[in-house]
Structures are given as structure tokens and as C-alpha cells.
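*Asks:* Next comes the sequence, and after it the predicted model I'd like to discuss.
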Amino acid sequence: MQPLLMISGGIVAAFIGLLGAALIWKVFTDKIDLTHLISDENGEASLSRFQFLIFTFVIAMSLFLLVVASMSPECEKCVPKFPDIPGGVWGLLGISGGSYLISKGINKKKSNGEPGASDKGGSDQTETVKPKEPPAGGQVPA
């Protein structure tokens, strides 16, 4: 049973590795465009998208390393298991995901042109006021 499990695990790992290699190849040959990975609809960099991306990769790599570290070569009957994830990690990932969703909602509100929302972020935008033209007689009232 153990050799069959190892062979099937190797096949699954090789398949996932090939999928990853194909994905990286498509990125390098410009068939997959990543220029807007961390930018919003306007093309500006989004801190919330960047934070969510980094947190996701850091947590995924940490869990991968914990699983690999739990597999000891001395223990033949040991089965690698998914580690327990502390509540703080779930909280940080949730806060990061929540900030991403809130920023998406704010950007959506700005793009819909709802009252109180502007493309530049509110109070830093000025309105151009045209001066009144003088009356037809050419004299400006005092």
C-alpha cells in the first residue's frame, strides 16, 4: 500500500509541477498578462491588492514548509498532515481580504459617480469657475 501511495503522490506532484511550469511559460511568452495584477481599473497600483497577494503567498509557503518539515525520513508510518493554523493567521488573512474587498467597493462607488465620490479622492479636486462677463454697456457695477 505504501509504494502505491508514494507513486500516486509523485504523479499528482508531477502534474501540478507541469501545470505550474506551463503557467510560468505562458507568463514569460506574454500569453498571460500580469501587468494589472496589483493595479486597479484605472491602472494605478493598489496597496490592498498587493497586501492580499503577499499575505496569501507568505501563508501558503509557510504551510508548505510546515508540511515538508513534518515529514521525517526516519518515520515510515508517519503520514504528512495539514498543520493546525492558528487563529491569528486566519485573522490576518481575513483582515487583508477584507481591506481588498472594501477597496473594491470604494473604487466601484467612485466609478459609478455617486455623490461624495470623485476620481481623485474627494477634497483635493477643484472646480473651475468662469468669471461673469460684464454687462453689454461695458461698465462693471460697483
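*Replies:* Everything's here; your move. Residues are numbered from 1 along each chain as shown.
*Asks:* Can you tell me, leaving aside adjacent residues, what's nearest to residue 111?
*Replies:* Among residues not flanking residue 111 along the chain, residue 41 sits closest, at 6.6 Å (Cβ to Cβ, 6 or more residues apart in numbering). Just so you know, the C-beta spots here come from the backbone N, C-alpha and C atoms, and that holds for glycine as well.
*Asks:* where does that neighbour land in three-state SS?
*Replies:* coil (DSSP: H, G, I helix; E, B strand; the rest coil).
*Asks:* Mind jotting down where the helices sit in this structure?
*Replies:* Assigned by DSSP state H, the chain shows helices spanning 2-28, 47-70, 87-112.
*Asks:* Let me have those helices in CSV, extended by mean pLDDT and distance to residue 81.
*Replies:* Formatted as CSV, these follow (pLDDT from 0 to 100; distance: least, Cβ to Cβ, whole Å):
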stretch, mean pLDDT, distance to residue 81
helix 2-28, 86, 14
helix 47-70, 83, 7
helix 87-112, 84, 17
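*Asks:* Let me know which of the ones you listed is the nearest to residue 37.
*Replies:* Ranking those by their distance to residue 37 (criterion: Cβ to Cβ) puts helix 47-70 first, at 7.2 Å.
*Asks:* Residue 70: how many residues sit nearby?
*Replies:* Using other Cβ atoms under 10 Å, residue 70 is surrounded by 14 other residues.
*Asks:* Could you check how far it is from residue 82?
*Replies:* Distance from residue 70 to residue 82, counting by Cβ to Cβ, to the nearest Å: 9 Å.
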